[in-house]
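S.K.: need coordinates for the following:
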Amino acid sequence: MDEITRQYRDALRLLFIFARAGDAPAGNLAVPGSVRVVTSEKKLQKMDFWVRNPDHFAYALLQAHNDDASLGYLAAAQSIADSEEPELRRDAMVKFLYGAYEPLDTALAPLFSCGLARMVRAPETRQRTYFLLPEGLARADQMEAELPEAKWYSERAALVGDFCKGKSGDQLARWQYRHPTYSGAKNGETIKSIAHEVRQLLVAASEASNA
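M.R.: Residues are numbered from 1 along each chain as shown. Purely as a prediction, here's the structure:
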């Protein structure tokens, strides 16, 4: 994949994370005219990892189901495992000191330059907050309606957003560290697929739920 194509794909994915997984801006987290907010880079990185790694996301959904079956996540996890998503959609990330990480500046540049999104850095903490602007939401809605590829990103980002709602970046990091393949990856090492294991776990979970 050439650099321009990858940048476009990464920008599209992040646009849908903002549009479908972001929260409604409120109080001091509001930039005038903004329509969605992701409150930290850490949270954005964690959501991006799950969009890019369906097998790891299915594992998180299964763990959530095991914690509270009323959440209704088993069917979603099973749908991912029963598909080829863990192979076809996988976009591996590297493990750094605090989990999966990839620099976002190149992917975000088109969103910022086209007036679709904006980043604000707090002067005291240097924490980055990301805001989706009305034109960004309109562009996401248009692409979802017109492009089959965009529809998948929209639906997956919405599911990731539902799972992540009300959770901080630190809380999401703890969820991802629950799997030993993730937590055991060394600094600078690619986080490996867990698709085969997740499929086996889901077979057992489905059998248990039908017993």
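S.K.: got a list of what the residue most central in space within the chain touches?
M.R.: For the chain, the residue nearest the mean C-alpha position is Met47 (2.5 Å; Cα atoms, centre = their mean). Contact analysis of Met47 by Cβ atoms under 8 Å, 6 or more residues apart in numbering lists Ile17, Ala21, Val38, Ala157, Val160, Gly161, Cys164, Leu172. From N, CA and C alone the C-beta is placed, and that goes for glycine too.
S.K.: then Ala81?
M.R.: For Ala81, the contact set (Cβ under 8 Å, 6+ apart) comprises Asp55, Ala58, Ala195, Val198, Arg199, Leu202.
S.K.: then Ala185?
M.R.: Counting by Cβ under 8 Å, 6+ apart, Ala185 makes contact with Lys95, Ile191, Lys192.
S.K.: quick one: contacts for the second one?
M.R.: Taking Cβ under 8 Å, 6+ apart as the definition of contact, the neighbours of Ile191 are Asn53, His56, Ala92, Met93, Val94, Lys95, Ala100, Thr181, Tyr182, Ala185.
S.K.: circling back to that earlier point, of the contacts of Ala81, which belong to helices?
M.R.: Residues of those located in helices (DSSP state H): Asp55, Ala58, Ala195, Val198, Arg199, Leu202.
S.K.: can I get those in TSV including neighbour count?
M.R.: Output for the ones in helices among the contacts of Ala81, formatted as TSV (neighbours: other Cβ atoms under 10 Å):
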residue	neighbour count
Asp55	24
Ala58	28
Ala195	21
Val198	24
Arg199	16
Leu202	22
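S.K.: hang on, isn't Leu107 packed against Gln7?
M.R.: Quick fix: residue 107 reads Ala, not Leu. Yes - using Cβ atoms under 8 Å, Ala107 makes contact with Gln7 at a distance of 6.2 Å.
S.K.: which of these two has more neighbours?
M.R.: Set Ala107 next to Gln7 and count neighbours by other Cβ atoms under 10 Å: Ala107 wins out with 20 against 16.
S.K.: contact partners for that one?
M.R.: By Cβ under 8 Å, 6+ apart, Ala107 lies in contact with Gln7, Asp10, Ala11, Arg13, Leu14.
S.K.: so which of those residues wins on neighbours?
M.R.: Counting neighbours by other Cβ under 10 Å, the top entry in the contacts of Ala107 is Leu14, with 26 neighbours.
S.K.: wait, what's in contact with that one?
M.R.: Leu14 sits next to Leu44, Asp48, Leu104, Ala107, Leu108, Leu111 when contact means Cβ under 8 Å, 6+ apart.
S.K.: before we move on, what about Gly22?
M.R.: Arg36, Val37, Val38, Tyr130, Leu132, Gly161 are the contacts of Gly22 under Cβ under 8 Å, 6+ apart.
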